[in-house]
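Asker: Have a look; sequence and predicted model below, questions after that.
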Amino acid sequence: MSKMAAVMESGEDAFKQLFKFYKRRKPPPDFSEVINFSGNLCTGKVVPIKLNPTAVSDAAASRVGLRPALDWRAFGLQGCPGFIFISDPFRKDSQPFWIRQCLKTYPQKPNVCNLDMHMSPCDTQDIWERSVNSLSSPTPPRRQEKSLLERLRWVTLGYQYNWDTKLYSADHYTPFPADLQSLSQQIALGCGFGDFRPQAGILNYYRSDSSLGIHVDESELDHSCPLLSFCFGQSAIFLLGGKQRQDPPTAMFMHSGDVMVMSGQSRLFYHAVPRIVPANPSLFSSKLQNPPAPPDLQTQTTPLETNSVLEPVSEQDWAICLRYIESSRINVTVRQVLGPGQSFPHS
């Protein structure tokens, strides 16, 4: 009997049991049955996925920091139609830019974050600048209060997700970032979704003790469009279940740079993140190589190459980003809320 079968033999909710198993601290869980798409895949549940690399030109991929689509390694899971896992398609020099965007740029106004729920707009106007001093010290003293960046839990982009009503609306909207739109559309093209239109994004910021409960993403008005998920920073255990809340889930690692696409039937599968796992130090550092920039670079808007959306990340900015992600994980989910010709219902 496998360890997972032993955990679930009580007949209780299989998903809840596995969530609790991987979340527990004492004794620590056994990760031997967690699928690692960047390692040796010897489980019969994993199947290779053939993408559509001709739909993504090398130039278009490079423009957003991706390797040529022919080099992307994509997988699916038996029993999970429409689920695609792309193992780190990013160039080695591009993740720093996307991490910097998630920490410095996307939390800026007019985008909304969790801190806005209990702080005035002027206090959350520039979360990055208000956190720099705290995170830039080589050996910060023990402090009672965390920086704003360390207290960040979520940021919403585009059509603003209402956490209370679980709905989107036409009158709560901020411009969706053009760079993230370009990245998402190239991934979608490679997966066969040429008409994908990024309209909403949710960034989740996980500390080492964070988790994300069992849920399904069904608030979008059109479920025929895929949901894209990007992982940066520390690794996580991701659980993907089925259509029913109690369906037994599959556990897999998400490492920095990994991308998941939930489409078709899997678009409405239950999923969760029970645990953040420290990344392999050597693998982690090899993925996060910030290209050298001029030593006097403070604010730079010149792309790294012609037509690239990527900009150089200064050493100062990267030091702060690195300090943050040494113990944290960022996840970006991108969604299309409205299908062709759809509009929000009148309230």
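Answerer: All right, it came through fine. Computed from a predicted structure; not experimentally measured.
Asker: from here on, contacts and neighbour counts on C-alpha atoms
Answerer: OK.
Asker: how about Leu183, what does it touch?
Answerer: Val64 (Cα atoms under 8 Å, 6 or more residues apart in numbering).
Asker: May I have the secondary structure class of it?
Answerer: helix (DSSP: H, G, I helix; E, B strand; the rest coil).
Asker: swap in Ala251?
Answerer: Classified using three-state DSSP, Ala251 is strand.
Asker: Tell me what it is bridged to.
Answerer: Counting by DSSP bridges, Ala251 is bridged to Leu239.
Asker: so it sits right up against Asn36, yeah?
Answerer: No: look at Ala251 against Asn36 with Cα atoms under 8 Å: they stay out of range, at 9.2 Å.
Asker: Settle it for me: which of these two has more neighbours?
Answerer: Shown here are Ala251 and Asn36; by other Cα atoms under 10 Å, Ala251 has more neighbours (24 against 18).
Asker: List the residues that contact that one.
Answerer: 33-35, 237-240.
Asker: Low-confidence regions, the stretch 201-347 of the chain specifically.
Answerer: 283, 292-306, 347 (pLDDT under 70).
Asker: which residues of it fall in strands?
Answerer: 212-215, 227-233, 235-240, 250-254, 259-262, 271-277, 329-335 (DSSP state E, counting those that start in this stretch).
Asker: show me where pLDDT drops low in the stretch 1-150 of the chain?
Answerer: Using pLDDT under 70, the flagged stretches of the stretch 1-150 of the chain are 1-12, 42, 138-144.
Asker: related to what we said a few turns ago, quick one: which of the strands of the stretch 201-347 of the chain is nearest Asp317?
Answerer: strand 227-233 (15.3 Å; Cα to Cα).
Asker: related to what we said a few turns ago, ok, of the contacts of Ala251, which one's closest to Glu220?
Answerer: Distances from Glu220 to those, taken as Cα to Cα, are shortest for Leu240 (19.2 Å).
Asker: so the closest one makes contact with Thr250?
Answerer: Yes: between Leu240 and Thr250 there is a contact under Cα under 8 Å: 5.2 Å.
Asker: any chance of the strands of the stretch 201-347 of the chain in JSON lines, plus distance to Phe97?
Answerer: Shown next, in JSON lines, are the strands of the stretch 201-347 of the chain (distance: least, Cα to Cα, whole Å):
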{"stretch": "strand 212-215", "distance to Phe97": "25"}
{"stretch": "strand 227-233", "distance to Phe97": "11"}
{"stretch": "strand 235-240", "distance to Phe97": "18"}
{"stretch": "strand 250-254", "distance to Phe97": "19"}
{"stretch": "strand 259-262", "distance to Phe97": "16"}
{"stretch": "strand 271-277", "distance to Phe97": "22"}
{"stretch": "strand 329-335", "distance to Phe97": "13"}
